[in-house]
Structures are given as C-alpha cells and as structure tokens.
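Student: Predicted model and sequence below, questions to follow.
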Amino acid sequence: MAEAFVGTWELKSSDKFDDYMKELGVSYGLRKMGSFTKPSTIISVEGDKVTLITSSAVKTTQITFKLGEEFDETTADNRNVKSIITMEDGKMVHMQRWDGKETSLVREVSGDDLTLTLTFGNVVCTRNYVRGK
C-alpha cells in the first residue's frame with residue numbers, strides 16, 4: 001500500500017506551519033527558517049522497508065522503517081521521539097510520542113498531489129506537495 005507514496009514530492013503550499021512549530025515549542029529562529037524553506041520529500045520502498053527523506057536548504061532528515069513497528073526518530077527540530085507509521089484507509093499515519101506528548105503526521109495521495117496534515121493539540125497544519133517530474 002505504501003507504493004502509492006513512492007516518488008519525489010515538492011512543497012507547493014503550506015497553511016499554519018508556523019503555528020504548528022510554535023505549539024511544539026520550536027524556537028523563533030528555527031520557526032522562521034522552517035517557514036521559508038521549501039522542502040522536498042522522497043519516499044521509496046524496498047521489500048518491507050520504507051525510506052522517507054525530507055530535504056531542504058536548511059536540513060535533511062531520513063528515516064527508514066517497517067510499517068507498524070515502533071522506531072526511534074530524531075525530528076528536524078531535534079526532538080527524540082518514539083514513532084510508529086501505519087497505513088489506515090489508504091493514508092500513511094505517522095505518530096510521534098515524547099515526554100507524554102503526541103503529534104500526528106498524516107499523508108494522503110490523490111493523483112500527483114500529496115497532502116500532509118500535521119496535528120498537535122488544537123493546531124492543525126496542512127502542507128500540500130506535488131509529485132516531481
């Protein structure tokens with residue numbers, strides 16, 4: 001099922017990303033850098049492992065995981081979290097937990113568009129990507 005997500009995805013629009021980062025406790029300087037970057041995400045599948053690389057002019061992160069198995073992750077804003085990624089109703093659902101907190105990152109593909117919905121507390125951020133050529 002993760003095969004639908006395979007490809008290179010370029011950010012085309014973002015709504016409430018600064019609010020999301022602020023809610024997470026990201027510093028003002030990092031939030032400003034994060035708000036101005038236009039990251040690309042590369043998703044690949046090899047056997048039962050999925051690799052997700054997010055790259056921008058500021059930072060590149062990479063995670064490799066098996067769907068449904070918890071793993072340790074260091075986020076772009078340097079949080080050390082326990083993550084688990086599952087497929088639910090055609091969506092890639094990424095849960096991050098740390099210090100009694102939880103955030104979700106839900107990816108959904110429709111044709112050549114990928115929508116990433118980030119939720120933490122009462123803040124919901126939507127980031128829209130288009131498949132690279």
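Tutor: All right, it came through fine. Quick caveat: nothing in here was measured; it's all calculated off a predicted structure.
Student: gap between the two ends of stretch 51-64?
Tutor: End-to-end distance of stretch 51-64 (CA to CA, to the nearest Å): 4 Å.
Student: That stretch - what's its average pLDDT?
Tutor: Per-residue pLDDT values over stretch 51-64 give a mean of 92.
Student: For Phe120, see how far away Asp18 is.
Tutor: Here the criterion is CB to CB, to the nearest Å. By it, Asp18 lies 13 Å from Phe120. For glycine as for every other residue, the C-beta is placed from the backbone atoms N, C-alpha and C.
Student: isn't Val50 right up against Lys66?
Tutor: Yes. Look at Val50 against Lys66 with CB atoms under 8 Å: they come within range, at 7.5 Å.
Student: So for these two, which residue has more residues nearby?
Tutor: Taking Val50 and Lys66 together and counting by other CB atoms under 10 Å, Val50 has the greater number of neighbours (21 against 13).
Student: For the more buried one, give its distance to Ile63.
Tutor: Counting by CB to CB, the gap from Val50 to Ile63 is 8 Å.
Student: What ranges does the protein have for its strands?
Tutor: For the chain, the strands defined by DSSP state E cover 7-15, 40-46, 49-55, 60-65, 71-74, 80-88, 91-98, 101-110, 113-120, 123-131.
Student: Packing partners of the shortest one?
Tutor: It stands for strand 71-74. Taking 3 or more CB pairs under 8 Å, 6 or more residues apart in numbering; DSSP states H and E as contact, the helices and strands that strand 71-74 lies on are strand 60-65, strand 80-88.
Student: Of all these, which one is nearest Thr103?
Tutor: Comparison of the helices and strands packed on strand 71-74 against Thr103 by CB to CB identifies strand 80-88 as nearest, at 8.3 Å.
Student: Would you mind listing the buried residues in that closest one?
Tutor: By neighbour count with 16 or more other CB atoms under 10 Å, strand 80-88 contains the buried residues 81, 83-85.
Student: Determine which two of those residues are furthest apart.
Tutor: The farthest-apart pair in the buried residues of strand 80-88, when distances are taken by CB to CB, is Val81 and Ile85, at 11.9 Å.
Student: Just the pLDDT for the residue nearest to Thr117 when sequence neighbours are not counted.
Tutor: Of all residues not flanking Thr117 in the chain, Val106 sits nearest, at 4.6 Å (CB to CB, 6 or more residues apart in numbering). Here, the pLDDT recorded for Val106 equals 98.
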